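**Q** would you be able to build a 3D model of this:
(chains A, B and C)
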Amino acid sequence: MKSFIEYIVSIFKGVWTLLVGMKVTAKYFFTPWNHVTQQYPENRDKLVMFERFRGEVIMPHTDNNEHLCTGCGICEINCPNGSIEIISKSIVTPEGKKKRIIDQHIYHLGMCTLCNLCVKACPTGAIVMGQKFEHAVWDRSLLTKVLNQPGSKIAEGVKE
Amino acid sequence: MDFYNFTSLTHSIHEGLAKSFSPFIATTIEWVLVGLAYLTFVALFGLFLVYAERKVCAAFQQRLGPMRVGKWGLLQTIADFIKLLMKELIMPRKADWFLYNLAPFIVIIASFLAIAVLPFAPGLQSLDFDIGVFYLTAVSSVGVIGVLLAGWSSNNKYSLIGAMRSGAQILSYELSVSLSLMTMVVFAGTMQFSAIVEGQRDAWFIFSGHIPAIIAFVVFLIAGTAETNRGPFDLAEAESELVAGFHTEYSGIKFALFFLSEYINLFIVSAVAATVFLGGWMPLHFGNFESFNHVMDFIPPVIWFFMKVLGVMFIIMWFKWTFPRLRVDQILTLEWKYLLPINLINILLMALVVLTKFHF
Amino acid sequence: MSEIREVIINNDRLATDEYLVNMGPQHPSTHGVLRLLVRLEGEKVLNIQPHSGYIHSGIEKMCEAITYPQIIHLTDRMDYLSAHMNNEAVALCVEKALQVEVPDRVKYIRTIMDELARLASHQLWWCVFGMDLGALTTFFYGLRDRELILDIFEETCGARMTVSYNTPGGLMFDIHPNFQKRVKDFIKYFRTKLPEYDKLLSGNVILRERTEGIGHLSLNDAIAFGVTGPSGRASGFSCDVRKNQPYSAYPFVKFNEILDFRCDTLARYEVRIKEMYESLNIIEQLIDNIPEGDYAVKMKGVLKLPEGEFYQRVESARGEFGVFIISDGKKNPYRVKFRSPGFSNLFALNKMTKGHKIADLVAIMSTLDLIIPDIDR
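**A** From the prediction side, this is the model:
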């Protein structure tokens, strides 16, 4: 008899736990305006990434097409997977001195793991992390970028 | 009430055909027409159900569900269906060719057979047997043969395990479905669906049959969910265990047939629950509230029927999107140790209720 | 026909055969590319042989070619759900070797981040566990709450999962000005959602039936297999590194080591749920008391560890995570070995699953909380 009562009680207890669970889902069903879905391409205008978000490495240029990169190559050394290549060239300054400046700052986005080590190591703050995250392209070669714009030069007063 | 009766319409079609053709041709044309009507209904309602399920599930999960194709994703299922039609039909190399291709059709035919006896509205019923309930329980268990064949012929171990699970599950739950329906047959005193609906003119069986009817309804819902291989009982296709169970190896339109039959079965279970327990197409009537009853009569019976069906369907979907899946031995325990004894006692209780006339 | 009759007569029952099933590398519940060679008799599991190595990426070998600060970004990619702890282990190991004492501020922030990562990991585990058991809705509720933690990470660390926030000697950045407010908001929010987890899944009779008494792993076996973390603690194995060998700010906070002696799947489930409450407690104790100071110690440009062997262990979300570095005095390590919890936990699976059903195998595997890159490295 005792086991029979236990059997009956177990049925009601079991059903009760099921109903408790159903109440939780019902609560969300009947408040559909609380949905958490973000409709991505439609909300592109409102979508603002956090300021520290690491999307890609970029080199900011001023309006006069000047950047801060001296071509020292520290970022290249600090990169763990060889996504940065610095190609420098030597020029002769107006004072007649020979000087090495940056020719091309090549950045392989396809290899980059966005670890932030290059940005952290850069002595002049020439490269920063950009917020762009839509990097899909049809051709892999498009992921290799030259960060310094053509014709750009180093800004005045940057310590060598 | 008579305004919404379809009997005159079907009769006039029949007489029109009988006038212009010989009886044999007239009957054949009628069969074809009925068949086409069912096909159209099932295809459209199946598409709607898939969409509804996705939206309901999304709402339970705080999502939006399909939103891209058409307004609110209304055309999503049509797009999916077109995609399934265009997909390549793949067959495993060592599969049993004949049985592998036969299985989806057995499953879908079983579903179609069961639909035939359901009364959608007065006069909208193609088979009105005097053994309607019996026929329904008989044909609804044919589907499991298709599932077993699919699992066996696919030459895949996951499929085979899924099929064996499905066999064990459906064979046991068949008992509960039949017994809970039997309980209501005892109460109604007939096995004919139209007569069962007619018997609920004053009050639905779930109200007039009170306690035993409610117990039978709950048992039927649980067992019916198990019959359709859905919800917490989706052992046969348990995604996290058996990849996709018995239809792992099916693709394209053959998979679509399995998929469709699942939703037709869902419709059948809900429709039977609505017909036997909730009064079928009968409007909601309360004893003496004449004006209330009169207002209810204005809603067409078809609407009543589908409202009830969708309500039951929602409960079954609610089960699915809330509960974890049972294990195969627990599913049998639930049937043989809980549902069956409850059912047997319940049928006795119902007999007592009927004998003592202790009902409304 | 006569053959079958003979078999039936001889064996006194219907002849059955064992068979092998390859679960994985592509299987919905192996959460990646783990392959289990399962020997089955009907539904009963007789033996399991895990085969790992499908996404072995040679991280330990790669570490030998790069400098110490660079190692950290690789550890993000091992156990990607407890990236903070992995980073911290390397950072602590290097600091230990160089005998650098980091400021209290760094310790506090590291600990808060650890616990947030643990919460995020347990949330993901919870939703995946529900999904493995067939309750698909849990998946979305878990992820919904995890997003908020990932937002906190993103705002402060700049990435959602591969954070690389710790560096030898401190942190990559200082915390974001919004950090404390966001964390407090999250704790307030999550304290209302955690009971919902219990209502939806923990109390559910189906879950109880599915997990109670399933997958027994005795204390001796847990120690023998080296099962650590919540899975080990559910067997009564007091293996919490935060208690036994406190690091960062753990000595400053009061918290309980969650132990359970039932040793079954339900115990492992409940230990993790209780750990979420405990993590919230730890964060609450720390979040208002972050001391002022520097967020990093000034380190040399090129880090060279003294010659010798260094080991540091931390408590990751899955168990004890250890970093063993052999240095020969150069800027690259001579050899690095990661002691990952997932690898040890995985091999206890055979012991736990024997004699249970396929469905139990999935549930047990899920409670071990396996992350495949953590196993393969």
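**Q** for the residue in the stretch 251-377 of chain C that chain B sits nearest to, list the residues it contacts.
**A** Residue nearest to chain B within the stretch 251-377 of chain C: residue C:359 (4.5 Å; C-beta to the nearest C-beta). Yep, even glycine has a C-beta here, placed from its N, CA and C like the rest. Applying C-beta atoms under 8 Å, 6 or more residues apart in numbering or on different chains to residue C:359 gives the contacts B:235, B:238, B:241, B:325, B:327, B:328, C:43, C:210.
**Q** secondary structure element holding it?
**A** Secondary structure assigned from DSSP states H and E places residue C:359 in helix C:358-367.
**Q** ok, now residue C:108?
**A** Assigned by DSSP H and E, residue C:108 falls in helix C:104-133.
**Q** what of residue B:221?
**A** Short version, using DSSP H and E: residue B:221 is in helix B:210-227.
**Q** check which residues of that helix are buried.
**A** B:212-213, B:215-227 (16 or more other C-beta atoms under 10 Å in any protein chain shown).
**Q** for residue A:104, state which of these is nearest.
**A** Distance to residue A:104 across these (C-beta to C-beta) is lowest for residue B:225, with 65.8 Å.
**Q** so can I have TSV of the contacts of residue C:359 showing pLDDT and neighbour count?
**A** Shown next, in TSV, are the contacts of residue C:359 (pLDDT from 0 to 100; neighbours: other C-beta atoms under 10 Å in any protein chain shown):
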residue	pLDDT	neighbour count
B:235	80	26
B:238	73	29
B:241	76	30
B:325	86	27
B:327	84	26
B:328	83	22
C:43	81	19
C:210	85	24
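**Q** which one of those residues sits closest to residue C:64?
**A** When the contacts of residue C:359 are compared against residue C:64 (criterion: C-beta to C-beta), the nearest one is residue B:241, at 41.1 Å.
**Q** do the one helix or strand the closest one maps to and chain C meet?
**A** Per DSSP H and E: residue B:241 is located in helix B:239-242. Yes: counting by C-beta under 8 Å from any C-beta of the partner chain, contacts between helix B:239-242 and chain C involve B:239, B:240, B:241, B:242.
**Q** would you show me how to pick out the buried ones of those residues in ChimeraX?
**A** To isolate the buried members of the residues of helix B:239-242 next to chain C in ChimeraX, using 16+ other C-beta under 10 Å:
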select /B:239,240,241,242
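**Q** can you pull out the helices in the stretch 1-150 of chain C?
**A** C:2-11, C:59-63, C:68-75, C:83-98, C:104-133, C:137-157 (DSSP state H, counting those that start in this stretch).
**Q** show me what contacts residue C:112?
**A** C:183, C:283, C:286, C:287, C:290.
**Q** tell me where chain A has strands.
**A** Secondary structure of chain A by DSSP state E: the strands cover A:56-58, A:66-67, A:84-92, A:98-108, A:128-130, A:144-146, A:153-154.
**Q** wait, which of those strands is closest to residue C:308?
**A** Of all those, strand A:84-92 comes closest under C-beta to C-beta, at 32.4 Å.
**Q** quick check: buried residues in that closest one?
**A** For strand A:84-92, burial by neighbour count (16+ other C-beta under 10 Å) applies to A:84, A:86, A:88.
**Q** name the nearest residue to residue C:116, sequence neighbours excluded.
**A** Nearest non-adjacent residue to residue C:116, counting by C-beta to C-beta, 6 or more residues apart in numbering or on different chains: residue C:149, 5.3 Å away.
**Q** can you report how many residues neighbour residue A:108?
**A** Using other C-beta atoms under 10 Å in any protein chain shown, residue A:108 has 17 neighbouring residues.
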